[in-house]
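**Student:** sequence first, then the predicted structure, then my questions.
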Amino acid sequence: MKGRYRVSLLILLLSGVGGYLYFSPFISLYKLYRAVSEHNTREIEAGIDFHSLRENIRPQVKAKVNKELEKSLGGQNFISSGLAGLGMAVANPLVDQKVDEAISPGGLQALLTTLEQANNKTNLQNNPSPQGLQPAMTSTIQELKSLKFGYENINQFQMQLQDPSSKQPIGVSMQRQNLLDWKVVAVQLP
């Protein structure tokens, strides 16, 4: 009888530990979400690898700037590509500086404050009464339906959500830090 009890207890314990390990990226995402909503910079820093994120976002921003330069110069042809290349040579240091400023704890906090102010202003204009909460809840449910996630490998977790404005997918990559902690290391912009 004691042997069965110990085996059952061991199986229950291993199942609990395995479940916690499996759901640890979700727990880290929730901690990051809570830190963002509470404007807790220390917790935000714990959930994001800013160096890796800057290195990931910098080439994406440069490619978008180059594409917009070519488009504004008349499309993709020899002359506009050459002028866009010259423009990018001048713009590269500025893009690097702006990405470094934006992808930092202070830059993220400033962005969140700006987004919160814009969101509050929009909510007041669109929903002056307390009954205006229903559309917000419906849009949140729609956002959750478009959420896709899964493990790439034991140390990589991917999440894909839809950008509400462009309806394009945004990819978020997390990497295991230690055994139970995860950090955002890459974002694939739409």
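**Tutor:** That came through fine. Numbers count the residues shown, from 1 in each chain.
**Student:** what's the closest non-adjacent residue to P190?
**Tutor:** Nearest residue to P190 in three dimensions, chain neighbours excluded: Q168, at 3.3 Å (CB to CB, 6 or more residues apart in numbering). Heads up, the C-betas are built off the backbone N, CA and C, glycines and all.
**Student:** buried residues in the helix or strand containing P59, which are they?
**Tutor:** P59 is part of helix 50-72 when elements are defined by DSSP states H and E. Applying a neighbour-count criterion of 16 or more other CB atoms under 10 Å, one finds 50, 52-53, 56-58, 61-62, 65-66, 69-70 buried in helix 50-72.
**Student:** can you give me the strands in this structure?
**Tutor:** With strands called from DSSP state E, the chain shows them at 148-153, 156-162, 169-177, 181-188.
**Student:** quick check: which of these is nearest to R42?
**Tutor:** Evaluated with CB to CB, the strands of the chain place strand 181-188 nearest to R42, the distance being 13.9 Å.
**Student:** quick one: that closest one to helix 50-72, angle?
**Tutor:** With axes from the mean of the first three to the mean of the last three CA atoms, to 10 degrees applied, the angle from strand 181-188 to helix 50-72 works out at 10 degrees.
**Student:** go through strand 181-188 and flag the buried ones.
**Tutor:** 181-187.
**Student:** and the angle from it to strand 156-162?
**Tutor:** Going by the same axes, to 10 degrees, strand 181-188 makes 50 degrees with strand 156-162.
**Student:** returning to what we had before: just name the closest of the buried residues of strand 181-188 to S24, please.
**Tutor:** For these, the nearest to S24 is W182 (6.4 Å; CB to CB).
**Student:** can you name the residues bridging to the closest one?
**Tutor:** For W182, the beta-bridge partners are R176 (DSSP bridges).
**Student:** residue boundaries of the helices in the chain?
**Tutor:** Secondary structure of the chain (DSSP state H): helices located at 2-37, 41-47, 50-72, 78-102, 105-126, 133-145.
**Student:** my guess is V184 contacts L32. True?
**Tutor:** Yes: if you go by CB atoms under 8 Å, V184 and L32 touch, sitting 7.1 Å apart.
**Student:** pull up the overlap in contacts between these two.
**Tutor:** 47-48 (CB atoms under 8 Å, 6 or more residues apart in numbering).
**Student:** report the contact partners of the residue sitting nearest the centre point of the chain.
**Tutor:** Centroid check for the chain by CA atoms, centre = their mean gives V172 as the closest residue, at 5.0 Å. Counting by CB under 8 Å, 6+ apart, V172 touches 158-161, 184, 186-188.
**Student:** closest to P25 among these?
**Tutor:** Distance to P25 across the contacts of V172 (CB to CB) is lowest for M159, with 8.2 Å.
**Student:** from V90, how far out is the closest one?
**Tutor:** Computed as CB to CB, to the nearest Å, the M159 to V90 distance reads 36 Å.
**Student:** more neighbours, these two?
**Tutor:** M159 (18 against 8; other CB atoms under 10 Å).
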